[in-house]
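**Q** sharing a model prediction with you, sequence too.
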Amino acid sequence: MVFFPRDKMTRTSAEQVGEEIYDVVIVGGGVAGAIIAKQLSAAHKRVLVVESGMGKDVDLAGYESYVSRFYGTAMKDNQSPYPINRNSPMPRSTDARKITPGLPATDAYIVQNGPFGSDTTYTRVLGGTTMHWEAKTPRMVPDDFSMRNTFGVGENWPISYDEIEPDYREAEREMGVSADVEDQRYLGISFPDDYVYPMRKMPLSYLDQQVDQGIRGTSVQLGGQQFDLEVRSFPQARNGIPNPLYNGGKGYRPLGAVSTSQVEAGERCQGNNNCVPICPVQAKYYAGKTMAQALLGGDVKVLTQAVASRVVLDADGRVSHIEIKQYHDPILPDHTTATVRGRVFVLAANAIENPRLMLASGLAGSSGLMGRNLMDHAYLLCWGLMPQVCGTMRGTNCTGGIVALRNGSFRSQQAAFGIDIHNDGWGWSEGSPASDLLRLVDGQNKFGRSLRRELADSITRQLLLAFMIEVLPDPNNRVSVDPAYKDQLGNMRPVVTYNIPEYTMRGAAYARRFAQLVFQRLGVADYTHYDPGDYGYVTYEGAGYAIRGGNHLAGTHIMGSSPSTSVVDPDQRSWDHANLFLVGGGSMPSIGTANVTLTIAALCFRTARAIIADLA
Ligand SMILES: Cc1cc2nc3c(=O)[nH]c(=O)nc-3n(C[C@H](O)[C@H](O)[C@H](O)COP(=O)(O)OP(=O)(O)OC[C@H]3O[C@@H](n4cnc5c(N)ncnc54)[C@H](O)[C@@H]3O)c2cc1C
Ligand code: SF4
């Protein structure tokens with residue numbers, strides 16, 4: 001339980017911080033920044049977290065104001081709970097545009113050069129993007145860490161699965177993951193013999209069970225290997241039933257809403273599927289839970305409404321200070337400029353904002369790779385109607401999927417993918433259930449009993465498979481800055497240039513054929529169609545596909561074993577500036593087919609140890 005009374009708030013002011021030299025200054029209060037802050041707090045280091053957002057959500061009243069705003073808005077998009085903030089601007093899924101070659105889309109926060117127009121978002125409030133993430137937390141498979149050595153494509157990590165495994169367990173504890181070890185033991189993913197997850201797995205939905213029943217016994221051949229199909233449950237960072245066997249029989253105490261005296265420890269997931277864009281009861285993990293614990297120790301302070309604007313070096317190439325702009329009102333540009341000083345600096349602002357800040361500071365780095373190798377999973381959606389009622393629209397967004405093609409020798413030629421079975425039916429592809437209502441009422445003039453019958457009949461049979469397709473690092477896919485594009489504080493906005501790599505498109509084309517096979521096996525009527533006017537429309541070998549952004553940003557300050565081929569070392573330390581760490585998805589040399597955040601969290605435990613050793 002995190003009981004977080006108001007008098008423990010340790011927010012600070014720009015005037016106060018100007019006087020101090022902190023052990024560590026962390027830019028960004030998302031999951032990466034919060035984990036490092038918490039670990040440093042436990043080691044009694046003096047930490048300042050600089051956060052560009054308003055910082056309302058660390059107490060219950062602030063969090064609930066987001067929930068109320070979400071209830072009140074007509075447009076329920078990813079950022080609908082979070083008020084407009086012109087000084088900490090962020091991308092919205094509704095910003096996505098089809099990009100005309102040579103004509104960048106400049107009207108939204110991220111300037112998109114294309115040619116692919118992405119709808120990926122992130123959230124610039126305290127708590128970061130975990131405020132509105134979906135909270136699926138699979139581990140990467142061991143071969144994801146050695147792509148170049150194993151498949152001759154992509155990049156190797158300088159650390160192996162075995163090295164990161166203990167930190168995966170730390171991350172699973174911190175985020176409170178519900179899962180079953182036996183379900184997750186596949187494709188080389190391994191655990192210590194006595195390991196159990198903190199909480200028991202979320203049960204498969206009835207829809208998952210129907211799909212599983214239909215595909216059992218089916219196999220596909222690819223790259224000379226056979227893959228047997230089945231549905232497995234997904235690990236999720238949301239409160240389920242604690243496993244009494246956790247931690248050698250000591251059990252696990254789930255964290256519920258911060259700042260509440262909880263009747264029972266931990267609010268449990270009620271499965272009503274509002275995780276994106278906000279969990280009303282805080283059953284879903286978000287970084288505020290970790291940050292609240294970091295603050296309780298008393299050694300961590302948070303400076304909110306403070307936008308890190310320039311990283312400044314001393315004569316030895318170490319970071320001497322960071323310039324911040326602390327604004328007074330989220331709409332108006334008035335602000336105070338100040339500097340924050342520390343012995344060590346951590347950029348934890350995410351894989352777009354970290355390189356944006358470095359490049360805006362004139363720090364492109366000796367490798368020339370700052371901002372390059374941007375990766376984001378490509379999602380391909382395939383949807384149809386099951387022959388029988390399957391209970392669609394019940395349960396959390398996604399409880400199970402097909403994982404057999406997350407790895408295999410075929411990866412030397414084409415991308416791997418994982419498949420999510422969506423419990424929210426055609427919500428992502430068609431806007432269901434609102435679109436069903438419009439079709440039946442406006443299109444077919446249905447009302448009363450026949451409307452109810454038709455709605456129930458079609459919605460409860462909807463099946464949507466979301467293929468999360470691997471993307472390899474490509475230096476041409478990048479974040480850059482351009483003085484022509486600034487926000488109202490005068491900070492340069494990110495400019496993204498992104499093309500879906502052919503390797504990924506080969507995987508997408510195979511995914512479409514794979515969906516047809518699965519649909520045939522299940523007796524599903526295929527309703528998939530991709531509109532050439534869609535912002536994510538891509539053609540490959542004569543066929544068209546609509547690709548969605550994955551919200552899994554990575555690669556832009558890539559990790560490696562040499563300063564000439566990477567930006568950070570295995571501890572996420574900048575090769576160029578010894579007291580600077582760039583943390584988060586930007587460090588990942590590959591993303592495989594795992595949602596990235598568990599790996600980000602695991603890496604941050606490792607980085608925290610390195611910083612504590614530096615400060616000893
Ligand atoms: C809709 C959606 C669903 C997702 N679902 C999943 C999922 O199921 N599983 C999964 O693994 N991942 C998922 N993700 C991705 C996941 O949310 C991110 O990988 C993760 O939150 C990144 O954490 P971070 O701490 O690195 O960055 P962020 O969470 O983005 O935090 C960055 C922090 O830095 C602050 N900041 C930014 N710029 C500045 C600046 N200049 N000065 C000061 N502060 C600054 C921001 O306000 C923020 O607090 C999803 C994302 C989205 C959008
Ligand atoms: S399903 Fe509902 S209760 Fe469960 S994590 Fe999502 S929003 Fe929260």
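**A** Structure's in. What do you need? Ligands and ions are numbered 1, 2, ... in the order given.
**Q** from now on I want contacts and neighbour counts done on CA atoms only, so please keep to that.
**A** Fine.
**Q** could you say which helix or strand contains residue 336?
**A** Secondary structure from DSSP states H and E places residue 336 in strand 335-347.
**Q** do that strand and ligand 1 meet?
**A** No. Residues of strand 335-347 contacting ligand 1 under C-alpha under 6 Å from any ligand atom: none, with a closest distance of 8.3 Å.
**Q** show me what counts as buried in that strand.
**A** 335, 338, 339, 340, 341, 342, 343, 344, 345, 346, 347 (16 or more other C-alpha atoms under 10 Å).
**Q** ok now that strand, how far from the chain's centre?
**A** 26 Å (C-alpha atoms, centre = their mean, to the nearest Å).
**Q** sketch out the low-pLDDT regions of the chain for me.
**A** 1-11, 56-58, 260-266 (pLDDT under 70).
**Q** at the geometric centre of it, which residue sits there?
**A** residue 552 (4.7 Å; C-alpha atoms, centre = their mean).
**Q** and the stretch 1-150 of the chain, which of its residues are near ligand 1?
**A** Near ligand 1, when you scan the stretch 1-150 of the chain using C-alpha under 6 Å from any ligand atom, you find 27-33, 50-53, 121-130, 132-137.
**Q** how about a cut-off of 5 Å?
**A** Those residues of the stretch 1-150 of the chain that sit near ligand 1, judged by C-alpha under 5 Å from any ligand atom, are 28-32, 51-53, 121-122, 124-126, 128-130, 133-136.
**Q** repeat that for the stretch 301-450 of the chain.
**A** So far as C-alpha under 5 Å from any ligand atom goes, the stretch 301-450 of the chain lies against ligand 1 at 307, 308, 349, 350.
**Q** tally of neighbours for the first one?
**A** Looking back up the chat, that one is residue 307. Using other C-alpha atoms under 10 Å as the criterion, residue 307 is surrounded by 25 other residues.
**Q** quickly note the distance from the residue in the stretch 351-500 of the chain that ligand 1 sits nearest to to residue 283.
**A** Of all residues in the stretch 351-500 of the chain, the one sitting closest to ligand 1 is residue 353 (5.3 Å; C-alpha to the nearest ligand atom). Using C-alpha to C-alpha, to the nearest Å, we find residue 353 at a distance of 28 Å from residue 283.
**Q** same check, this time on residue 354
**A** 29 Å.
**Q** please enumerate the helices of the stretch 301-450 of the chain.
**A** Along the stretch 301-450 of the chain, the stretches classed as helices by DSSP state H, counting those that start in this stretch are 353-360, 427-430, 434-438, 448-459.
**Q** where is the longest helix in the protein?
**A** In terms of residue count, the longest helix belonging to the chain (DSSP state H) is helix 502-522.
**Q** continuing past that one, what's the next helix or strand?
**A** Per DSSP H and E, helix 502-522 leads on to strand 525-526 as the next helix or strand towards the C-terminus.
**Q** now do that next one: which elements does it pack against?
**A** Packing partners of strand 525-526 (3 or more C-alpha pairs under 8 Å, 6 or more residues apart in numbering; DSSP states H and E): strand 378-385, helix 502-522.
**Q** now tell me what touches the first one from outside.
**A** The one in question is strand 378-385. With contact meaning C-alpha atoms under 8 Å, 6 or more residues apart in numbering, strand 378-385 is reached by 426, 429, 458, 461-471, 500, 504, 508, 511-512, 515, 519, 524-528, 545-550.
**Q** hmm, try it at 6 Å
**A** 461-469, 524-528, 547-550 (C-alpha atoms under 6 Å, 6 or more residues apart in numbering).
**Q** list the strands paired with it, with their directions.
**A** Strand pairing for strand 378-385, using DSSP bridges, gives strand 462-469 (antiparallel), strand 525-526 (antiparallel), strand 543-549 (antiparallel).
**Q** adding distance to residue 40 and mean neighbour count, write the helices of the stretch 301-450 of the chain out as a markdown table.
**A** Compiled in a markdown table, the helices of the stretch 301-450 of the chain are given as follows (distance: least, C-alpha to C-alpha, whole Å; neighbours: other C-alpha atoms under 10 Å):
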| stretch | distance to residue 40 | mean neighbour count |
| --- | --- | --- |
| helix 353-360 | 21 | 24 |
| helix 427-430 | 40 | 16 |
| helix 434-438 | 47 | 15 |
| helix 448-459 | 49 | 14 |
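**Q** any idea which of these gets closest to residue 610?
**A** In terms of C-alpha to C-alpha, the element of the helices of the stretch 301-450 of the chain nearest to residue 610 is helix 353-360, at 19.6 Å.
**Q** what angle do that closest one and strand 335-347 make?
**A** 110 degrees (axes from the mean of the first three to the mean of the last three C-alpha atoms, to 10 degrees).
**Q** pick the most buried one from the helices and strands packed on strand 525-526.
**A** With neighbours taken as mean count of other C-alpha atoms under 10 Å, the helices and strands packed on strand 525-526 reach their highest mean count in strand 378-385, at a mean of 24.
**Q** quick check: angle from that strand to helix 448-459?
**A** 130 degrees.
**Q** torsion angles phi and psi at the residue of the stretch 301-450 of the chain found nearest ligand 2?
**A** As assessed by C-alpha to the nearest ligand atom, ligand 2 sits closest to residue 396 within the stretch 301-450 of the chain, at 4.3 Å. Torsion angles at residue 396 (phi, psi; degrees, to the nearest 10) stand at phi -70, psi 170.
**Q** state the distance from it to residue 203.
**A** Separation of residue 396 from residue 203 (C-alpha to C-alpha) stands at 10 Å.
**Q** which one's more surrounded, those two?
**A** Between residue 396 and residue 203, residue 396 has the larger neighbour count (other C-alpha under 10 Å), namely 22 against 18.
**Q** which of the contacts of strand 378-385 are buried?
**A** Buried subset of those (neighbour count, 16+ other C-alpha under 10 Å): 461-469, 524-526, 528, 547-550.
**Q** now residue 338, nearest residue through space, not along the chain?
**A** Spatial nearest neighbour of residue 338, excluding adjacent residues (C-alpha to C-alpha, 6 or more residues apart in numbering): residue 324 at 5.4 Å.
**Q** now residue 23: which helix or strand?
**A** Counting by DSSP H and E, residue 23 is found in strand 21-27.
**Q** starting from that strand, tell me which strands it pairs with and how they run.
**A** strand 47-50 (parallel), strand 335-347 (parallel).
**Q** mind putting those strands into a markdown table with distance to ligand 2?
**A** As requested, these are exported to a markdown table (distance: least, C-alpha to the nearest ligand atom, whole Å):
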| stretch | distance to ligand 2 |
| --- | --- |
| strand 47-50 | 27 |
| strand 335-347 | 28 |
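**Q** if we can go back for a sec, now do the contacts for the residue of the stretch 301-450 of the chain closest to ligand 2.
**A** Counting by C-alpha under 6 Å, 6+ apart, residue 396 makes contact with 271, 273.
**Q** so which of the helices and strands packed on strand 525-526 gets nearest residue 225?
**A** Of all the helices and strands packed on strand 525-526, helix 502-522 comes closest under C-alpha to C-alpha, at 15.0 Å.
**Q** now that closest one against strand 378-385, angle please.
**A** For helix 502-522 against strand 378-385, the angle by the same axes, to 10 degrees is 20 degrees.
**Q** may I have helix 502-522 as PDB, with CA atoms only?
**A** The C-alpha atoms that make up helix 502-522 are tabulated as PDB, following Å, rounded to 0.1, in the frame of the first residue of the first chain:
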ATOM      1  CA  GLU A 502      10.700  -3.900 -46.200                       C
ATOM      2  CA  TYR A 503      11.600  -6.700 -43.600                       C
ATOM      3  CA  THR A 504       8.600  -5.600 -41.600                       C
ATOM      4  CA  MET A 505       6.300  -5.400 -44.700                       C
ATOM      5  CA  ARG A 506       7.300  -9.000 -45.600                       C
ATOM      6  CA  GLY A 507       6.200  -9.900 -42.200                       C
ATOM      7  CA  ALA A 508       2.900  -7.900 -42.600                       C
ATOM      8  CA  ALA A 509       2.100  -9.600 -45.900                       C
ATOM      9  CA  TYR A 510       2.700 -13.000 -44.300                       C
ATOM     10  CA  ALA A 511       0.500 -11.900 -41.300                       C
ATOM     11  CA  ARG A 512      -2.400 -11.100 -43.600                       C
ATOM     12  CA  ARG A 513      -2.200 -14.600 -45.200                       C
ATOM     13  CA  PHE A 514      -1.800 -16.100 -41.700                       C
ATOM     14  CA  ALA A 515      -5.000 -14.300 -40.600                       C
ATOM     15  CA  GLN A 516      -6.900 -15.700 -43.500                       C
ATOM     16  CA  LEU A 517      -5.800 -19.200 -42.500                       C
ATOM     17  CA  VAL A 518      -6.900 -18.700 -38.900                       C
ATOM     18  CA  PHE A 519     -10.200 -17.200 -40.000                       C
ATOM     19  CA  GLN A 520     -10.800 -20.200 -42.300                       C
ATOM     20  CA  ARG A 521     -10.000 -22.600 -39.500                       C
ATOM     21  CA  LEU A 522     -12.500 -20.700 -37.200                       C
END
